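# One predicted model, sequence on top.
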Amino acid sequence: MPKFSDYSSLLAHLKQCVEKGSKEHTNAAIVDYINCYSDLEIEESQDDKINNQSIKKEIEPIIYSLIANTFKGTQVLNTNNNASTSPITATSDNTPPPTPNFTPASPESILKKPKPIPLRFSTNGVINSCEKNTKYYYLDPRECEELKNKMILGQFILFYGTRSSGKTTTSITVCELLNSIKGHLSIFIDLQGQVINSSLDFWKVLINSIRMQLSIDTPTTKEIDEMSIRQLKDLITFNNRKSLLFNKKDVHLFIDEFNNISDGGEETITQVLSDFREWKNQSSLSAIKSLMVIGTFSILDFNTSNTNTSPFNIAQSFKVLNFQKEEVEILFSKFQKSSGVEIYPQVIDDIFIITNGHKGLVNLVGEIIQTSLEPNITKNVWDHLINKQLMIKLSKYKTVTSMTRCLNTGSIDFLKTIKDILFKSYYSDTPISKTIESNYLAHEGILSQDIEEINVFNFSSNIIKNLVLHHLRSKTAIVGSVPFIGDNKERIDVQQLIINAAKQISPLIIINAIQRSFKKCTIRTSQFGQKVPCEFIYTNEMSIYLTLIISERANSNSRYYISPNNNILYNKKTYRPDLVIGNELLGRYVILEFVATSSNEDVNGHIERTRLYIENYPGATEGWVIHFTMVRVSKTYQYPKVPVKYTKVGIIHIYHDEKYSNLEFTIYPPVTQS
């Protein structure tokens, strides 16, 4: 049976069978259709679904024609009748067998019912009404009722959010709620892909979209193309409302991807907003009772720069809401119920922390869990999934690739300012002030507007924060080769790897970390009480470089990978190793534990933890405590060594000054390596 990659290849195959014309080819075409159609539907993405509609319409008459021709002049046994269903054979005297009770079968009855489609997590595109909890896991957005009431009250609303945050699905749900109310009509217009170079273009798109959505024959597309802007506007005035377009109903208009009008320049934006203001100020003459425009953060700028012409009130703008923790729990409880997969509560907590409830990211994590085919998502399974698969999947996720692409676009000075903003705020909880650059980052979804202060931004989620820094580091880090012990490349030289990685840490990061740190040196030396960076800063910086070098250089030959503990990266308490360097092929793992400018007692505690990690981590062959410190060895202070009995634990003390310009390494390898 052929395996078709898409509907186009299936259509081409069906046409080829029709051309050949034999009964054998006809039967083969029907069987291939039956076996492949459902599989293609399961694999179909939301974007593909739209693009494939015309192809499906072309396939349908071909397959029915093939079925009809196959059974033309033939009768098919109706098993509902009481006639014998035994095989029909000729009698011994060659007289024809008696004619059994047959009824003709329709082509539709021959088609196999499609396979039931398992529920999936939606990571891209709109969830339509018929797909809610039938094709995709779905929760009603909690803002829908409030938005519906605002529309009924006649408000003009700016509805905004980051990419893949559920803006369109939420808007369509509000549309459906309004349409269920007698006397109300909602119209949803999507400007994606529309060419709008002027306000006239906008009006033509608007009226054409309304005409098609309401299935109105007049005016035709040709007539609309020939109309002036005044004639187009007249179509939705009160005088024309009853007879032509809206049939006496209150009209609520939704315009998605409203950012696209910016292609027409400032003049187009000003004119369109002025037209909207006219609707609002002369509501008795307009059929449009309320309006919602939907887009990314940048649509707020349309309002700011056109305060005299815009009908929108910033106070009435509405940001799409992320999932709350309870909603993430409900979403995954649906998954657990339908799939039989058990997810431990700690895992749900982690999902919420790293995604900040961003709907697209939550669903992406769900997809990774679903495709893992693991029956129980324990803490250990989760750690493996998130560290080995999530970052890889995210780096290819359309929403994320758009974000990272924006960090490479613009003038050198503009990009430098952007990178400075991101680097300085990365290890700080200090909010980012509103500037042209931070506005740009918010538009791209990297930053998110503060809930309470409109002119303040924060990173949109912890996982985006980490991915962005990883992307920026990958452009500046000098990624050398992986150091191995021996020629067979089976055992990494951890000492040299750590030295190489420590030299790649950005001095700017350390300087900022010292200035903004809440941690102080507790060692009774001249540095006592001095601000020092926290552990997670070193862990994160080392994780980025080690991931770059291990994933890009080692995996191709030896299948080594780096497994960071993302809870540490988000400054959260944890009970698993900070980093694990693993080789699944050999079943060999190296544990790394980080500590920063700590007393000997604290360092010894990390040594003990590392020993326990090795004992409880299957395949762990050695462990290292990496101690970054701003206190130098002296007559009164000596770095702690590893007790001789801990044969698999080594320690590397890395001294640096406050400018991170001078590094000194003191290494005590595991006894087994000495």
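Received the coordinates, thanks. Everything numeric in this text was worked out from a predicted model, so none of it was measured.

# quick check: domain ranges of this protein?
Structural domains annotated on the chain: 7-81+99-110, 140-319, 325-396, 400-476, 494-673, as defined by automatic domain parsing.

# Could you list every helix and strand that the helix or strand where residue 8 lies packs against?
Under DSSP states H and E, the secondary-structure element containing residue 8 is helix 7-20. Counting contacts by 3 or more Cβ pairs under 8 Å, 6 or more residues apart in numbering; DSSP states H and E, helix 7-20 is packed against helix 23-43, helix 53-70. All C-beta atoms are positioned from the backbone trio N, CA, C, and that covers glycine.

# If you count neighbours, what's buried in it?
By neighbour count with 16 or more other Cβ atoms under 10 Å, helix 7-20 contains the buried residues 7, 10-11, 13-14, 17.

# re the thing from before, save the domains of the chain as CSV, and put in mean pLDDT and distance to residue 120 too.
Below are the domains of the chain laid out as CSV (pLDDT from 0 to 100; distance: least, Cβ to Cβ, whole Å):
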stretch, mean pLDDT, distance to residue 120
domain 7-81+99-110, 60, 8
domain 140-319, 85, 15
domain 325-396, 85, 7
domain 400-476, 79, 20
domain 494-673, 82, 24
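
# quick one: which of those domains is nearest residue 124?
Among the domains of the chain, domain 7-81+99-110 comes nearest to residue 124, with 5.5 Å by Cβ to Cβ.

# Show me which positions of stretch 585-595 end up buried.
Result for stretch 585-595 [16+ other Cβ under 10 Å]: buried residues 588-595.

# Of these, which belong to strands?
588-595 (DSSP state E).

# could I have stretch 491-509 exported to CSV, CA atoms only?
The C-alpha trace of stretch 491-509 is given here as CSV (Å, rounded to 0.1, in the frame of the first residue of the first chain):
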residue,chain,number,x,y,z
ARG,A,491,34.9,9.4,27.8
ILE,A,492,34.8,13.2,28.0
ASP,A,493,37.6,15.0,29.7
VAL,A,494,35.4,16.8,32.2
GLN,A,495,38.2,18.9,33.7
GLN,A,496,39.1,20.5,30.4
LEU,A,497,35.5,20.8,29.4
ILE,A,498,34.7,22.8,32.5
ILE,A,499,37.8,25.0,32.1
ASN,A,500,36.8,25.8,28.5
ALA,A,501,33.2,26.5,29.5
ALA,A,502,34.1,28.8,32.4
LYS,A,503,36.2,31.0,30.0
GLN,A,504,33.1,31.6,27.8
ILE,A,505,31.0,33.2,30.5
SER,A,506,30.3,36.9,29.7
PRO,A,507,32.1,39.3,32.1
LEU,A,508,29.1,41.7,31.6
ILE,A,509,26.8,39.0,33.0
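
# List the buried residues in it.
Within stretch 491-509, the residues scored as buried using 16+ other Cβ under 10 Å are 491-492, 494-495, 497-502, 504-506, 509.

# contacting residues around that stretch?
Stretch 491-509 is contacted from outside by 423, 426-427, 473, 476-478, 480, 482-485, 537-538, 541-542, 545-546, 549, 554, 560, 581, 588, 590, 592, 622, 624, 626, 628, 650, 652, 654, 659-661, 663, 665, 667, 669, using Cβ atoms under 8 Å, 6 or more residues apart in numbering.

# one step back: and the buried residues of helix 7-20, which is closest to residue 275?
Proximity of the buried residues of helix 7-20 to residue 275, judged by Cβ to Cβ, is greatest for residue 7, which lies at 40.6 Å.

# surely the closest one meets residue 56?
Yes. Counting by Cβ atoms under 8 Å, residue 7 does reach residue 56; the two are 6.3 Å apart.

# Provide the contact partners of stretch 663-674 at residue level.
With Cβ under 8 Å, 6+ apart, stretch 663-674 has contacts from 495, 499, 502-503, 622-623, 632-633, 639, 641-642, 644, 646-656.
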